[in-house]
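>>> next one to model:
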Amino acid sequence: MAIVAVSIAPVGEGVSVSPWVARALKVLAAQDRVRYQVGPMFTTLEGDLDEILDLVRAMHEAMFEGGARRVSTVIKIDDRRDRPQTMEEKVAAVERQLQAGDGQGTAASGARPVAQGEQAPEAGQGARDAGARPS
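Numbers count the residues shown, from 1 in each chain. Modelled structure (predicted):
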């Protein structure tokens, strides 16, 4: 089973991409073979790699069908073949490491996740406020 992060956006079509994202998501909503989660920067897909890549191509083409003249698509593939792993299991594995208190997680960096409904710190503010040294 593969887990794929994809970001598809037209180039030169204005500053708002939400109508274009909605167009791509309609491709996903019309099928039931691949699970997906929408995030703020990428959409994550889970399923058979060939089916996912077919969907990514259809999402990419949907931009052109909507009038885009140029489209940028970024794909990141995690193709694990030793055992199946879901999106939720990947997140849970990281959360277990953070709870283990080994000093390798967010406690070491001072970073923390933004709770639902909470405003994220302005760019560059979070790390400095948490005591991290600027790079």
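>>> any stretches of this protein with poor pLDDT?
Residues of the chain that meet the criterion pLDDT under 70 lie in 102-135.
>>> what segments of it are strands?
Counting by DSSP state E, the segments of the chain that form strands are 2-10, 35-38, 43-47, 71-79.
>>> as CSV, those strands with mean neighbour count would be great.
(C-beta placed from N, C-alpha, C; glycine too.) As requested, the strands of the chain are exported to CSV (neighbours: other CB atoms under 10 Å):
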stretch, mean neighbour count
strand 2-10, 20
strand 35-38, 15
strand 43-47, 20
strand 71-79, 13
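>>> I'd like those strands laid out as TSV, including distance to Gly101.
Supplementary listing: these in TSV, determined by distance: least, CB to CB, whole Å:
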stretch	distance to Gly101
strand 2-10	27
strand 35-38	28
strand 43-47	28
strand 71-79	26
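>>> to Ala24, which of those lies closest?
Taking CB to CB as the criterion, Ala24 comes closest to strand 2-10 out of the strands of the chain, the separation being 5.2 Å.
>>> in the longest helix belonging to the chain, what counts as buried?
Ranked by residue count and defined by DSSP state H, the top helix of the chain is helix 49-65. Within helix 49-65, the residues that qualify as buried by neighbour count (16 or more other CB atoms under 10 Å) are Ile52, Leu53, Leu55, Val56, Met59, His60, Ala62, Met63.
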